[in-house]
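>>> Mind folding the following:
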Amino acid sequence: MSDTPAIQLVGLRKSFGAGEHEVVAVDSVDLTIDDGEFFSLLGPSGSGKTTVLRMIAGFELPTAGAILLQGHDVTRQAPYDRDVNTVFQDYALFPHMTVLENIEYGLKVKKVGRHERRRRAAEMLDSVRLGNYGHRKPSQLSGGQRQRVALARALVNRPKVLLLDEPLGALDLKLREEMQVELKAIQREVGITFVFVTHDQGEALSMSNRIAVFNLGRIEQVGTPREIYDHPETSFVAGFVGTSNVLSAALSHELMGVAGVHSVRPERIRVVQEHTAESEVTVAGVVTDVQYLGADSRIRVELADGSPLLANVPSDGLVGVAIGGPIRLAWSRFAAFAVADTVPLHDIHEHDIHEHDIPQQHQQHDIIHSQGGDQ
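Model (predicted):
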């Protein structure tokens, strides 16, 4: 692997329209993606992630800033002059061609000899575990198999960077989870940089070396999956990546005696019956809902001042917990992390969404804002 970053984005900006009708889709983004990384661009609809991918691919020209691939400025280069390939959600396979012919097509356009392109296409089919499917038509394949053919077609050209625009979005849940494992294994095997766009935080956490979380055209945080989940830097990241209780500055001071907004993950909270250690925060409330999820259950609680709180606890620990009944919760002071108070999900309005960033499927995320004080 090269010491030169695979991708560098410097002050990248993209706006549509002008004057009072201008919409800023990407706002001064700086980002470095290392060679050989599996890197995810994660965010809700309208956050700018897909627009960034399209600018890296060359399908959109930035309004300002620069794009460097392997240290070379490609900001104004055409897509076919960039050493990148893109896999789209709809796969875009040629229905009249066989699987092998689909994979060979890019090599044929580049005038690679027939025997060489057939050899490389067959090797790539083996890499995506479809070695015996070369004679079939796309209509004879499952959704997951078509996805792998699209992946093989993009990889056969041996690009430095592979861009993946929500390629798993059209698959059902079980197949999507299987393909997450497949994609990561293929990326390790071929050793090239993958840039993966998704609005699904589970996909990003399970596959990525690092993640950039986008919100309203800007990056809120870059880090490893564990850093993003365990140490969110903003209230938006805390709520979008997983489920979180975001405690207002007033409630943080009331419960923990600390200043600023804090985040507490529901799985860090437990049900208690009596006194707890001094290192723990305890709070009383009333149960408003209990969701049975199998091994775990999700308890929604209303505190005395009306603030909501969410706790994920083992289902076998629900003895005595009933809707409308009292409950006492506790968490370690070390489980609460200070976060910057940024725009929450419900403040992202329809006019902020650009058409390129609207995925075909949406995922619901929980962010519980607890205010404290007078309501």
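>>> Reduced to three states, what does the nearest residue to residue 85 once chain neighbours are set aside come out as?
For residue 85, ignoring the flanking residues on the chain, the nearest one in space by Cβ to Cβ, 6 or more residues apart in numbering is residue 154 at 4.0 Å. To be clear about C-beta, it is placed using only N, CA and C from the backbone, and glycine gets the same treatment. Secondary structure assignment for residue 154 (DSSP: H, G, I helix; E, B strand; the rest coil): helix.
>>> next one: residue 65
Taking three-state DSSP, the label given to residue 65 is strand.
>>> I'd say it and residue 31 touch.
No: Residue 65 lies out of contact with residue 31 (Cβ atoms under 8 Å); the separation is 10.5 Å.
>>> Where do the helices of the stretch 1-150 of the chain begin and end?
Taking DSSP state H, counting those that start in this stretch, the helices of the stretch 1-150 of the chain run over residues 49-57, 99-109, 114-127, 143-155.
>>> now residue 238: how far from residue 215?
With distances taken as Cβ to Cβ, to the nearest Å, residue 238 is found 12 Å from residue 215.
>>> actually residue 6, not the one I wrote
24 Å.
>>> can you check residue 12 too?
Noted for residue 12: a distance of 15 Å to residue 215, by Cβ to Cβ.
>>> How about residue 64?
From residue 64 to residue 215 the distance is 20 Å (Cβ to Cβ).
>>> picking up where we left off before, residue 238 and residue 215: which has the busier surroundings?
Ranked by neighbour count (other Cβ atoms under 10 Å), residue 238 and residue 215 place residue 238 first, with 30 against 25.
>>> So the more buried one: helix, strand or coil?
Following three-state DSSP, the label given to residue 238 is helix.
>>> just residue 312 next, same as before
Assignment for residue 312 (three-state DSSP): strand.
>>> for this structure, longest strand please?
strand 280-292 (DSSP state E).
>>> Tell me which strands the helix or strand following that one pairs with, and in which orientation.
In the C-terminal direction, the helix or strand that comes right after strand 280-292 (DSSP states H and E) is strand 296-303. Note on strand 296-303: by DSSP bridges, its sheet partners are strand 280-292 (antiparallel), strand 308-314 (antiparallel).
>>> Which other helices and strands does the very next helix or strand once past the shortest one contact?
Per DSSP H and E, strand 308-314 leads on to strand 326-332 as the next helix or strand towards the C-terminus. The helices and strands touching strand 326-332, judged by 3 or more Cβ pairs under 8 Å, 6 or more residues apart in numbering; DSSP states H and E, are strand 270-271, strand 280-292, strand 296-303.
>>> Find the nearest non-adjacent residue to the residue most central in space within the chain, please.
In the chain, the residue lying closest to the centroid (Cα atoms, centre = their mean) is residue 42, at 3.1 Å. In this structure, residue 42 finds its nearest non-sequential neighbour in residue 204, 4.3 Å apart by Cβ to Cβ, 6+ apart.
>>> Point out the most buried one among the helices of the stretch 1-150 of the chain.
Burial of the helices of the stretch 1-150 of the chain is given as mean neighbour count (mean count of other Cβ atoms under 10 Å); helix 49-57 ranks first at a mean of 25.
>>> what comes into contact with that helix?
For helix 49-57, contacts defined as Cβ atoms under 8 Å, 6 or more residues apart in numbering pick out 7, 9, 12, 14, 25-26, 29, 41-43, 60-62, 67, 69, 79, 82, 84, 86, 161, 163, 165-166, 195, 197, 199, 214, 354, 356-357.
>>> coming back round to it: who touches both of residue 65 and residue 31?
9, 12.
>>> lowest-confidence helix or strand of the chain?
Here the helix or strand of the chain ranked lowest by mean pLDDT, DSSP states H and E is strand 367-370, holding a mean of 59.
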